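1. Any chance you could fold what I've pasted below:
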Amino acid sequence: MTKFEDILYESADGIATITINRPEVRNAVRPKTYEELTAAMKIAGEDPTVGVVVLTGAGDKAFCSGGDVRDQSKRTPNVGRTHMRRLYALSSMMRMIDKPIIAKVRGFCVGGGNEINLFCDLTIASEDAKFGQVGPRVGSIPIWGACQLLARYVGERKAREILYTCRLYSAQEAVDMGLINEVCKAEDLDKVVRDLCETILDKSPQSIRIAKIALNAGSDQDFYASYFPN
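-> Residues are numbered from 1 along each chain as shown. Reported below is the predicted structural model:
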């Protein structure tokens, strides 16, 4: 099994669990984290014993607080272009593996963390979760996925509000706008996600695979056009 530094990977009972394991920085992601997440998703996608993937963050403070600012401060234009290719590799892997990915969210899910959430198929969050984008607040633009996909989840007007204001939204607000699927008490989160996994695993895996591919086909043009503009 591949050894990881920034994430944890485990597989049992048809469920692969991938954990962003940087709680000391609220699971902020750096280049190594993106690369390890991509590798872990590939392992889960190619493992015939895995039927569903759960993505989560270590601790109870954050699912993912976005990009690690210590890494971002060192970027040059060339480094930035390399980084965009790294992001594209992860998001493409998440969209292309033919198994559902469930985001299990505690605490903050913001910036790039919320974009990772958008690439998941389903999201269950604890009551203390917070969602939002922070790009314009720090002189950045969420073009990895939020500008392309957010409006499909919450509608055009709400997407513009989220992107322009950088406001944070509660888990219940996220459910109400269609950004996530369900909110539950923190102590119930593991069980709720486990029950959802078992519900999916009880269904035809081939039908699930085809459904995911077919559903993604509708947004592929929007998503990939941003990386390959005319």
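2. Determine the number of other residues adjacent to the residue nearest to Gly112 when sequence neighbours are not counted.
-> Spatially, and ignoring its direct neighbours in sequence, Gly112 is nearest to Gly66 (4.2 Å; Cβ to Cβ, 6 or more residues apart in numbering). All C-beta atoms are positioned from the backbone trio N, CA, C, and that covers glycine. For Gly66, the number of neighbouring residues by other Cβ atoms under 10 Å comes to 27.
3. does Gly66 really touch Val110, like I thought?
-> Yes. Between Gly66 and Val110 there is a contact at 5.7 Å, judged by Cβ atoms under 8 Å.
4. shared neighbours, these two?
-> By Cβ atoms under 8 Å, 6 or more residues apart in numbering, Gly66 and Val110 have these common neighbours: Val134.
5. which secondary element of the chain has the worst mean pLDDT?
-> Ranked by mean pLDDT, DSSP states H and E, the weakest helix or strand in the chain is helix 69-72, scoring a mean of 66.
6. Check which element follows that helix along the chain.
-> Using DSSP states H and E, the helix or strand that follows helix 69-72 towards the C-terminus is helix 77-96.
7. Other residues contacting that following helix?
-> In contact with helix 77-96 (Cβ under 8 Å, 6+ apart) are residues 31, 34-35, 37-38, 41-42, 45, 75, 101, 115-116, 119-120, 144-145, 216, 220, 223, 227.
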